[in-house]
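> Here is my input, please return the structure:
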Amino acid sequence: VGAAIGNPFAWASMTDPYNFASTDTREAPWLRVHVTTVDSVVPHLEQPALLKVYAFGETCAVLRGAAALLRNPLLRGVWLMAARAYLEPRAFAEEIFVLLRGFNLFAPRLGAAL
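Numbering: from 1, shown residues only. All right, here's what the predicted structure looks like:
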């Protein structure tokens, strides 16, 4: 998908996070895609940077694939965008913050609102 639109990082999903019952993948087309990690695409930083992540349902996998980058002292922060539906159960959201804390990055405690 990404190569076709000129963005090698683009990904399309056929899942609906708000209505899992309506998602029937038996009729969905199958595409082979190249999978890589953030660390293989961004081997080193030369100036301060911010990591911005849109990875619905795969945030933990993306963070694990960015281990070297997350340890780099030039990384100033991580901006995560996540739909609430992808953060449930609550344990999934907590896993994201545990991963960030494991890289010595500040991650707030989850409030009761989530």
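
> How about the contacts made by the residue nearest to residue 66 when sequence neighbours are not counted?
Counting by C-beta to C-beta, 6 or more residues apart in numbering, the nearest residue to residue 66 once its immediate chain neighbours are dropped is residue 38, at 3.7 Å. (Each C-beta comes from the backbone N, C-alpha and C, glycine too.) Remark: with contacts taken as C-beta atoms under 8 Å, 6 or more residues apart in numbering, residue 38 is in contact with 51, 62, 65-66, 69.

> rerun at 10 Å
Shown here is residue 38, whose contacts under the criterion C-beta atoms under 10 Å, 6 or more residues apart in numbering are 9, 51, 53, 55, 62-70.

> Equivalent analysis for residue 105, please.
Here residue 105 is in contact with 51, 63, 70-71, 75, 77-78, 97, 99 (C-beta under 10 Å, 6+ apart).

> Give me the secondary structure label for it.
coil (DSSP: H, G, I helix; E, B strand; the rest coil).

> Could you do residue 85 as well?
In the three-state summary, residue 85 is assigned as helix, counting by three-state DSSP.

> pretty sure it contacts residue 56?
Yes: the pair residue 85 and residue 56 passes the contact test of C-beta atoms under 10 Å, sitting 8.7 Å apart.
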